[in-house]
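**Q** Here's a sequence, model it:
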Amino acid sequence: MPIAYTVREALGSASMIRKMFEEGTRLKKKYGPDKVFDFSLGNPDIEPPPAFHRVFLKLAAEDKKGSHGYMPNGGYPEVRDALALKAGKEHGASLSGSHIVMSVGAAGGLNVIFKAILNPGDEVIVSKPYFMEYRSYIGNYGGRIVEADALPDFNLDVHAVKARLSEKTAAVLINSPHNPTGRIYPAETIGALADALKTHGQQCGRAPYLIADEPYRDIAYNVSVPPILSAYAESLAVTSYSKSLSLPGERIGYIAVSPKMQDAEEMTNALIYATRTLGFVNAPALMQRIVAELTFAKVDTAVYERRRDAFKRILDDAGITYAEPEGAFYLFCRVPGGDDTAFTAHLKEHLILGVPGSGFGSPGWVRFAYCVDERHIQAAGEAFKKAMETYQI
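**A** Numbering: from 1, shown residues only. You can find the predicted model right below:
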């Protein structure tokens, strides 16, 4: 029997990020890992903070009956209470554990939300560029992604979003700090977006949800990340510990529901139902208990800031321009001549791996991830110079 045609079609246009990562694996085997400058995958190389290892060992050594069994699908009540304090502080809102649903990472959380809110044909607006897996997450539940252009500095263009609002709009999905640009949307932009969504809801009788995908919230460089849950009543924030604690493989995160949401209790119940019926059942038990004890812990973001600055110097020397990243760990660079596919292929000849902007819905750009050792970044300087000297536009 053939596989589903939707999956067959998706396989033909698989994630460019993963394709470049797999290409990097092949090249490293051929030339050696120190000769290949792989900036393709946003896989944090900083180890979790020492506190994580202490808590992990302590909890792993416990022999408490039932500690690895099922719990309520929304997560341990005491864990939800602890993370409500964290989310409440970040978003300037008074949250209780009833507003938190534990998730299998931010990706799992987004799928749970879309399962809970989308009817076939509903639309979700995103700003270009965007993490391309959003398209699959939305399509999984019969939704349709609607793209809006960003401003030239990659700030959210509220007017562009307003132009795409319709009676089919179920949600607007934002990501700040942003992948791939590192942009942090200022409070004024969030306020303007909230006003636009309120007005649209009053006019058409359906207030769109505002969904904030926030796995990079804790990686910001001397810039505050504005709150979402207190800015707009019909909002949800999704986050994970993949970046803030360097735990991408552990798949632990949570969804926070605005306490001002009109049907907050019904929303929480829908999220819990979706968690169960999508087969997640619950977020990993041990990881839940660990992050509850590390509520405000995070990796040393100064390391990423130093790497960003080192990478910027290399790009400046090579003559490559880029968007100034305020957070996350990516540099989004303008491609000379605009052909991002040809440029990334040329870089690969010099054993430099980046991801074409086409993979984020924005041709003419390339993304480099700097969550790699700074010595590796420094070593790439000559390769970038030679690549630019030999590139024919």
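
**Q** mind checking the end-to-end distance for stretch 89-107?
**A** Start-to-end span of stretch 89-107 (CA to CA, to the nearest Å) is 23 Å.

**Q** pLDDT averaged over it - what is it?
**A** For stretch 89-107, the mean pLDDT works out to 98.

**Q** And it, what's buried?
**A** Neighbour-count burial for stretch 89-107, with 16 or more other CB atoms under 10 Å as criterion, is recorded at 90-91, 93, 95, 97-107. Glycine gets a C-beta too; all of them are placed from N, C-alpha and C.

**Q** likewise stretch 326-345?
**A** For stretch 326-345, by 16+ other CB under 10 Å, it's 326-336, 339-340, 342-344.

**Q** Restricted to helices, list those residues.
**A** 340, 342-344 (DSSP state H).

**Q** related to what we said a few turns ago, among the buried residues of stretch 89-107, which ones are in strands?
**A** Those of those mapping onto strands are 100-103, per DSSP state E.

**Q** Same list (those) but as TSV, adding distance to residue 119.
**A** Formatted as TSV, these follow (distance: CB to CB, whole Å):
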residue	distance to residue 119
100	25
101	21
102	25
103	22
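
**Q** Residue 116: which of the residues you listed is nearest?
**A** Closest approach between those and residue 116, by CB to CB: residue 101, at 9.7 Å.

**Q** Quick check: beta-bridge partners of that closest one?
**A** Here residue 101 sits in beta bridges with residue 255, going by DSSP bridges.

**Q** quick one, what contacts it?
**A** Listed by CB atoms under 8 Å, 6 or more residues apart in numbering, the contact set of residue 101 reads 74-75, 80, 109, 112, 254-255, 257, 268, 271-272, 275.

**Q** Next one: the most centrally placed residue in the chain from residue 75, what distance?
**A** Centroid check for the chain by CA atoms, centre = their mean gives residue 215 as the closest residue, at 5.1 Å. To residue 75, residue 215 is 18 Å away according to CB to CB, to the nearest Å.

**Q** cool, residue 23 as well?
**A** Counting by CB to CB, the gap from residue 23 to residue 75 is 38 Å.

**Q** Next: residue 280.
**A** 11 Å.

**Q** Counting neighbours, go ahead and name the busier of those two.
**A** residue 75 (26 against 20; other CB atoms under 10 Å).

**Q** Put the alpha carbons of stretch 52-65 into PDB.
**A** The C-alpha atoms that make up stretch 52-65 are tabulated as PDB, following Å, rounded to 0.1, in the frame of the first residue of the first chain:
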ATOM      1  CA  PHE A  52      20.500  20.600  36.100                       C
ATOM      2  CA  HIS A  53      23.000  17.700  36.600                       C
ATOM      3  CA  ARG A  54      22.600  18.000  40.400                       C
ATOM      4  CA  VAL A  55      18.800  17.900  40.200                       C
ATOM      5  CA  PHE A  56      18.800  15.100  37.600                       C
ATOM      6  CA  LEU A  57      21.100  12.900  39.700                       C
ATOM      7  CA  LYS A  58      19.000  13.500  42.900                       C
ATOM      8  CA  LEU A  59      15.700  12.700  41.300                       C
ATOM      9  CA  ALA A  60      17.100   9.800  39.300                       C
ATOM     10  CA  ALA A  61      18.400   8.200  42.500                       C
ATOM     11  CA  GLU A  62      15.000   8.500  44.300                       C
ATOM     12  CA  ASP A  63      13.100   5.200  44.700                       C
ATOM     13  CA  LYS A  64       9.700   6.800  45.200                       C
ATOM     14  CA  LYS A  65       6.800   4.600  44.300                       C
END
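
**Q** And the contacts of that stretch?
**A** With CB under 8 Å, 6+ apart as the criterion, stretch 52-65 contacts 67, 245, 247, 286, 289-290, 293-294, 297.

**Q** a markdown table please, covering these and showing pLDDT, distance to residue 196 and neighbour count.
**A** As requested, these are exported to a markdown table (pLDDT from 0 to 100; distance: CB to CB, whole Å; neighbours: other CB atoms under 10 Å):
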| residue | pLDDT | distance to residue 196 | neighbour count |
| --- | --- | --- | --- |
| 67 | 88 | 47 | 13 |
| 245 | 97 | 34 | 25 |
| 247 | 96 | 35 | 21 |
| 286 | 97 | 42 | 15 |
| 289 | 97 | 40 | 21 |
| 290 | 97 | 39 | 25 |
| 293 | 97 | 40 | 16 |
| 294 | 96 | 37 | 20 |
| 297 | 94 | 36 | 18 |
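
**Q** from the residues you listed, which ones fall inside strands?
**A** Among the contacts of stretch 52-65, no member falls in strands (DSSP E).
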